[in-house]
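*Asks:* My questions concern the predicted model and sequence given below.
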Protein chains: 2
Amino acid sequence: MKRMPTPDHLLLDQQLCFALYAASRSITGLYRPLLEPMGLTYPQYLVMLVLWEQDDVTVRELGQRLQLDSGTLTPLLKRLQAAGLVSRQRRSDDERVVEIRLTPAGLALREQANDIPACLAQRLELSLDQMQRLRDELKQLTRHTQTPTIED
Amino acid sequence: MKRMPTPDHLLLDQQLCFALYAASRSITGLYRPLLEPMGLTYPQYLVMLVLWEQDDVTVRELGQRLQLDSGTLTPLLKRLQAAGLVSRQRRSDDERVVEIRLTPAGLALREQANDIPACLAQRLELSLDQMQRLRDELKQLTRHTQTPTIED
DNA sequence: CAAAATTAAATTGTGTACAATTAAAGTTTT
DNA sequence: AAAACTTTAATTGTACACAATTTAATTTTG
């Protein structure tokens, strides 16, 4: 019985998904040393980005923005709360909803984060143009991924 | 005291890293229903891709190929072993090294995996050209990420 | 208005990621 | 050859991800 060689389309190096997976983890790795002095992990940083942009959001809104569910966000937000960066409070007129707000320390942290994007852009040695194009292609891919092909 | 608006470069939508992170998880989500019938998670599928390409690799080689360390791989490989898809055996002439080999069931699974790439490509509605270009850009980004700027 | 359905978070359980440490095996140095 | 160093996995501990279930609150329906 002859052993067939792997067909091309199953080669690891052919996979767009692996390129994405590897690139994503690799870039996250570049953030780590920049975020560590701020006491943030990368997903926590993303939550802070949302809050710096719009303070006082619900867990649900955060989840929609970051594409994460409460199973991920609830413990993450508890850690940010424990770190004194956010407050978590149930909305008085709808007790189901939890509102997340920046504390003064959380707002102040934005100053420390200010240099991070430039620092990373420089590290990547990509032109602003290249970065924007790649970013927009990825956003389109994500959008397309989440648009069901057939809706009923 | 006036509250400054978030500078552009800290806006979530500006971040290449978030676009990557979101796209990666989003694509992985497309794989999930295809891999679930095979009893594989996405990282496990990546390990199988490597093994289908080259059977009998060490944990170290797997780690280099997938950019994962033994902390991730050891438990993952134990699960693949428990599923009867791979064997783990220390090399007799160097007991530090653990060799991973496909079982007949592991090799046979390749047939089931055969349609996955095409299935995904179709779902993404990207031309082969577009996919290749994006993939190669991401590979370059990863390569650059891992090349230290200054070496000593 | 009470029962049924819906919504929002939290919880539970499994499986990665990854830093840091440990343990064991092998290699190099003195 | 013994000590020092290096290499390879495994282990430990923390923090995501995400499916599935649960809980509590609100809304819709009969």
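*Replies:* Okay, I see it.
*Asks:* Briefly note if the helix or strand harbouring residue A:29 comes near DNA strand C.
*Replies:* Assigning secondary structure by DSSP states H and E places residue A:29 in helix A:16-35. Yes: Helix A:16-35 reaches DNA strand C (Cβ under 7 Å from any atom of the strand) through A:21, A:25, A:28, A:29, A:32. (Glycine included, C-beta is placed from N, CA and C.)
*Asks:* Could you tell me which of the residues you listed count as buried?
*Replies:* The neighbour-count test (16 or more other Cβ atoms under 10 Å in any protein chain shown) applied to the residues of helix A:16-35 next to DNA strand C identifies A:21, A:25, A:28 as buried.
*Asks:* and chain A, which of its residues are near DNA strand C?
*Replies:* So chain A meets DNA strand C at A:21, A:25, A:28-29, A:32, A:58-60, A:63, A:69-71, A:73-75, A:77, A:88, A:96-98 (Cβ under 7 Å from any atom of the strand).
*Asks:* out of these, which touch DNA strand D?
*Replies:* A:69, A:70, A:71, A:75, A:96.
*Asks:* Name the member of the buried ones among the residues of helix A:16-35 next to DNA strand C with the shortest distance to DNA strand C.
*Replies:* Using Cβ to the nearest atom of the strand, residue A:25 is the member of those that lies nearest DNA strand C, at 3.7 Å.
*Asks:* Give the buried residues for stretch A:107-116.
*Replies:* For stretch A:107-116, the buried set under the neighbour-count rule, 16+ other Cβ under 10 Å, comprises A:107, A:109, A:110, A:113, A:116.
*Asks:* Adding pLDDT, write those residues out as JSON lines.
*Replies:* What follows is the buried residues of stretch A:107-116, written out as JSON lines (pLDDT from 0 to 100):
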{"residue": "A:107", "pLDDT": "97"}
{"residue": "A:109", "pLDDT": "97"}
{"residue": "A:110", "pLDDT": "97"}
{"residue": "A:113", "pLDDT": "96"}
{"residue": "A:116", "pLDDT": "96"}
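*Asks:* quick one: which of these is nearest DNA strand C?
*Replies:* Closest approach between these and DNA strand C, by Cβ to the nearest atom of the strand: residue A:116, at 17.1 Å.
*Asks:* tally of neighbours for the residue nearest to that closest one when sequence neighbours are not counted?
*Replies:* Nearest residue to residue A:116, sequence neighbours excluded (Cβ to Cβ, 6 or more residues apart in numbering or on different chains): residue A:34, at 5.3 Å. The tally of other residues near residue A:34 (other Cβ atoms under 10 Å in any protein chain shown) stands at 19.
*Asks:* got any ranges where chain A has weak pLDDT?
*Replies:* A:1-3, A:148-152 (pLDDT under 70).
*Asks:* Show me it divided up by domain.
*Replies:* A:33-114, A:115-145 (automatic domain parsing).
*Asks:* just so I have it, where are all the helices in chain A?
*Replies:* With helices called from DSSP state H, chain A shows them at A:16-35, A:42-53, A:59-66, A:70-82, A:104-113, A:116-124, A:128-146.
*Asks:* Ok, which of those helices comes nearest residue B:103?
*Replies:* Each of the helices of chain A has some distance to residue B:103 by Cβ to Cβ; the shortest is helix A:16-35, at 23.2 Å.
*Asks:* Give me the helices and strands touching the closest one, please.
*Replies:* Here helix A:16-35 touches helix A:42-53, helix A:116-124, helix B:16-35, helix B:42-53, helix B:128-146, going by 3 or more Cβ pairs under 8 Å, 6 or more residues apart in numbering or on different chains; DSSP states H and E.
*Asks:* For residue A:16, which of these is the nearest?
*Replies:* Taking the helices and strands packed on helix A:16-35 one by one with Cβ to Cβ, helix B:128-146 is closest: 4.5 Å.
*Asks:* Let me know the angle separating the closest one from helix A:128-146.
*Replies:* Angle, helix B:128-146 to helix A:128-146, by axes from the mean of the first three to the mean of the last three Cα atoms, to 10 degrees: 120 degrees.
*Asks:* can you pull the contacts of the residue nearest the centre of chain A?
*Replies:* Centroid-nearest residue in chain A: residue A:46, 4.7 Å away (criterion: Cα atoms, centre = their mean). Listed by Cβ atoms under 8 Å, 6 or more residues apart in numbering or on different chains, the contact partners of residue A:46 are A:66, B:12, B:18, B:21.
*Asks:* Just the buried residues of the helix holding residue A:29, please?
*Replies:* For helix A:16-35, the neighbour count (16+ other Cβ under 10 Å) marks A:16-28, A:30-31, A:34-35 as buried.
*Asks:* again, but for stretch A:84-92
*Replies:* A:85, A:86.
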